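> no sequence for this one, just the structure:
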């Protein structure tokens, strides 16, 4: 739900939501690109504050220490 356009600029729904929250809280956003493998563990490993990615909330991911908010979008 977020992607880079041809010029390398970030675009998409998740970005819009993050920008709205950051503006409301008067915070800056710094994007870091990680490989997808176990991306949900990056905050626990202190590599970032939050992860924004299209993820399925699975019990095993929560068991690994990931904390998921209420989904903003649900498929089928």
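All right, it came through fine. Worth saying up front: this structure is predicted, and the values here are computed from it rather than measured.

> can you confirm residue 15 is in a strand?
No - membership of residue 15 in a strand is not supported by DSSP: H, G, I helix; E, B strand; the rest coil, which gives helix.

> show me what contacts it?
Residues counted as contacts of residue 15 (Cβ atoms under 8 Å, 6 or more residues apart in numbering) are 2, 52. (Glycine included, C-beta is placed from N, CA and C.)

> what do you get for residue 55?
39, 40, 61, 68.

> Doesn't it lie inside a helix?
No - secondary structure of residue 55 (three-state DSSP): coil, not part of a helix.

> Can you tell me which of the contacts of residue 55 has the most neighbours?
Greatest neighbour count in the contacts of residue 55, by other Cβ atoms under 10 Å, goes to residue 40: 19 neighbours.

> ok, that residue touching residue 48?
No - look at residue 40 against residue 48 with Cβ atoms under 8 Å: they stay out of range, at 11.0 Å.

> Could you measure from residue 42 over to residue 6?
When Cβ to Cβ, to the nearest Å is applied, the distance between residue 42 and residue 6 equals 27 Å.
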